[in-house]
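**Student:** Below is the sequence, then the predicted model.
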Amino acid sequence: MSEYFGNIAGNAALRRRLAAEIKSGSFPHAYIIEGEEGSGRRTLARSIAAALSCSNPDRLPCGECLACRKIFGNKTPDVISVTPEQGKASLGVDVAREIRRDVMTLPIDFAYKVYIFEGADKMTPEAQNALLLTLEEPPAFAVFLLICRSATNLLVTVRSRAPTIRTEPIPPDVIEDYIISHDKRAAELKAESPGEFAELICAAGGCIGQALLLLDSDRRRPVMERRRLARSFVGVAASKAQAREKLEVISMFSQKREEIAEELRLITDALRDLIILKKAKEAPLVFWADRAAALELAARFSLSELFLLIKRVEAAAEHIGRNANIKLTLTNLVFAGAQAQKRKDYNEQ
Ligand SMILES: [Zn+2]
């Protein structure tokens, strides 16, 4: 096992590749780092900056040498975090022009000057065009790391100057080991409520950062409630539920449109998992922490019923996004789920 980027979980191939590029001096002048929020993109960017100047080539970045300490401690002017100007949502052309000027001056502490763009997808097209001039002919000491959710949000011309690397989702067992060894609340939660702990790992979606945030019970509560709603919705749709149970599910939804959108998205994830399970029982799941329960639910639907339900959930999300009556839309959705069930009963008789 390689010791490179030992502070990054998972992503073994990516870690080896970056270390090889740094050691051989073939590290490109710019990288686009894409990945979900909380997937470790910022940690990776800072670790690259440290590895470039680290004095222990056998375990880049070592975390102990002067360069590592200064860079991880954010105590050097050579690693520049690029964010939108105060009060602005996007990164404008002024910032890109300033970088163009700044990049002409030599680094002060180390051999490299690293610009970390925190939200590269927030760059306006003008800013991206201005940056392009710098990316085309950067001085030898300059490195640009463009963090974004998806590289497709950047101009093609920028993408052609900077290869894309992607932080991979971390496997659940790695997340579990990591949070247990880094935060004592994790072991406590696992001992006290193993079910909720399993739900937390699942809700983290392959992101260690998310898993750590969810150890905070105030942050976890709404996420757990939303997951419970998604399970109840699917459970009611799968059974001959009474009207009372359906009304209860409707009452579990939020009153706020943007939160309902999130809830419906999660229900879609849960239903998609069931479709996948019908095809492969061992397939990796996005939503369900309890595979046995999910398999049991999947068996109660036909494939076409699951597709129909997803279509209805997506239509409801669209209606609610367009200001339709929330209560009415959700009532129609939850009661229509049962209609698919009736049709199944009818076909089977
Ligand atoms: Zn070091």
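**Tutor:** All right, it came through fine.

**Student:** Can you name the residues that contact residue 291?
**Tutor:** The neighbourhood of residue 291, defined by Cβ atoms under 8 Å, 6 or more residues apart in numbering, consists of residue 285. (Glycine included, C-beta is placed from N, CA and C.)

**Student:** Local confidence estimate at it?
**Tutor:** pLDDT for residue 291: 94.

**Student:** got the residues of the chain near the ion?
**Tutor:** Proximity of the chain to the ion (Cβ under 5 Å from the ion) is limited to residues 54, 56, 61, 62, 65, 68.

**Student:** Could you rerun that using 8 Å?
**Tutor:** Within the chain, the positions near the ion by Cβ under 8 Å from the ion are 50-51, 53-56, 59-69.

**Student:** What subset of the residues you listed is buried?
**Tutor:** The neighbour-count test (16 or more other Cβ atoms under 10 Å) applied to these identifies 50, 51, 53, 54, 59, 60, 61, 62, 63, 67, 68 as buried.

**Student:** Give the buried residues for stretch 72-89.
**Tutor:** 72, 76, 78, 79, 80, 82, 84.

**Student:** Sort out for me which of those residues are in helices.
**Tutor:** Among the buried residues of stretch 72-89, the members found in helices (DSSP state H) are residue 72.

**Student:** out of the buried residues of stretch 72-89, who's nearest the ion?
**Tutor:** Closest to the ion out of those is residue 72 (9.0 Å), distances taken as Cβ to the ion.

**Student:** Would you check that the closest one makes contact with residue 63?
**Tutor:** Yes: between residue 72 and residue 63 there is a contact under Cβ atoms under 8 Å: 6.7 Å.

**Student:** Residue 165 contacts residue 31, doesn't it?
**Tutor:** Yes: counting by Cβ under 8 Å, residue 165 does reach residue 31; the two are 5.7 Å apart.

**Student:** At the geometric centre of the protein, which residue sits there?
**Tutor:** In the chain, the centroid-proximal residue (Cα atoms, centre = their mean) is residue 36; its distance is 2.7 Å.

**Student:** any idea of the pLDDT on that one?
**Tutor:** 81.

**Student:** helices or strands next to the one helix or strand residue 212 maps to in the packing?
**Tutor:** If you go by DSSP states H and E, residue 212 is part of helix 208-213. Here helix 208-213 touches helix 172-182, helix 194-203, going by 3 or more Cβ pairs under 8 Å, 6 or more residues apart in numbering; DSSP states H and E.

**Student:** Single out the most deeply packed of those helices.
**Tutor:** Counting by mean count of other Cβ atoms under 10 Å, helix 194-203 has the highest mean neighbour count of the helices and strands packed on helix 208-213, with a mean of 18.

**Student:** And that one, what does it pack against?
**Tutor:** For helix 194-203, the packing partners by 3+ Cβ pairs under 8 Å, 6+ apart come out as helix 172-182, helix 184-192, helix 208-213, helix 217-238.

**Student:** Hey, what's the angle from the very next helix or strand once past the longest one to helix 217-238? Just curious.
**Tutor:** Yep, that's helix 217-238 we're talking about. Going down the chain from helix 217-238, the next helix or strand is helix 243-252, by DSSP H and E. Between the axis of helix 243-252 and that of helix 217-238 there is an angle of 150 degrees, by axes from the mean of the first three to the mean of the last three Cα atoms, to 10 degrees.

**Student:** Which other helices and strands does whatever helix or strand comes next after helix 243-252 contact?
**Tutor:** Note on helix 243-252: by DSSP H and E, the next helix or strand toward the C-terminus is helix 257-279. Counting by 3+ Cβ pairs under 8 Å, 6+ apart, the packing neighbours recorded for helix 257-279 are helix 217-238, helix 291-299, helix 303-321, helix 326-348.
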